[in-house]
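I would like the atomic coordinates for the input below:
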Amino acid sequence: QVQLVESGGGLVQAGGSLRLSCAASGRPFSSYAMGWFRQAPGKEHQFVAAISRSGGSTAYADSVKGRFTISRDNAKNTVYLQMNSLKPEDTAVYYCASRYSSSTSALRTGRYEYDYWGQGTQVTVSS
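Model prediction:
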């Protein structure tokens, strides 16, 4: 089992920044590819960003490319999502997710490709 706990959400004005963290425990963190998803009210989970187990490969949704940055610190068992130039449409509950990966460079962008999920953290961007 892997436990994931997100933190760092909150209320921010449009144009502002937030940094989300996701702390993992239970299994060797460096064995897991990680991802961030979000869910706005009344909408499906949306892929936001993914990072390989080594941190050498990343992927982003087009809607956040150039504004968000995913990173990980395997020594701290933590994955981050730096969100800059936030827009009201970024308002959602943000979830981190993990999946065991035998490949150091593989990325997962599909919701159903992930095995473990955190409880989510609310991000609200006011206009």
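
list the residues that contact the residue nearest in space to the middle of the chain.
In the chain, the residue lying closest to the centroid (CA atoms, centre = their mean) is W36, at 2.3 Å. Shown in contact with W36 (CB atoms under 8 Å, 6 or more residues apart in numbering): 20, 22, 48-50, 70, 79, 81, 94-97. All C-beta atoms are positioned from the backbone trio N, CA, C, and that covers glycine.

select only the buried ones of those in ChimeraX?
A single ChimeraX command selects the buried members of those (16 or more other CB atoms under 10 Å):
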select :20,22,48,49,50,70,79,81,94,95,96,97
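
quick one: which of the contacts of W36 is nearest T124?
Y94 (10.9 Å; CB to CB).

so which strand or helix has the closest one?
Using DSSP states H and E, Y94 sits in strand 92-100.

same for that strand, what does it pack against?
strand 3-7, strand 18-25, strand 32-39, strand 78-83, strand 116-117, strand 121-126 (3 or more CB pairs under 8 Å, 6 or more residues apart in numbering; DSSP states H and E).

run the chain-centre distance for the shortest one.
Spelled out, it's strand 116-117. 11 Å (CA atoms, centre = their mean, to the nearest Å).

can you mark which positions in stretch 86-103 are buried?
Neighbour-count burial for stretch 86-103 [16+ other CB under 10 Å]: 86, 90-99, 101.
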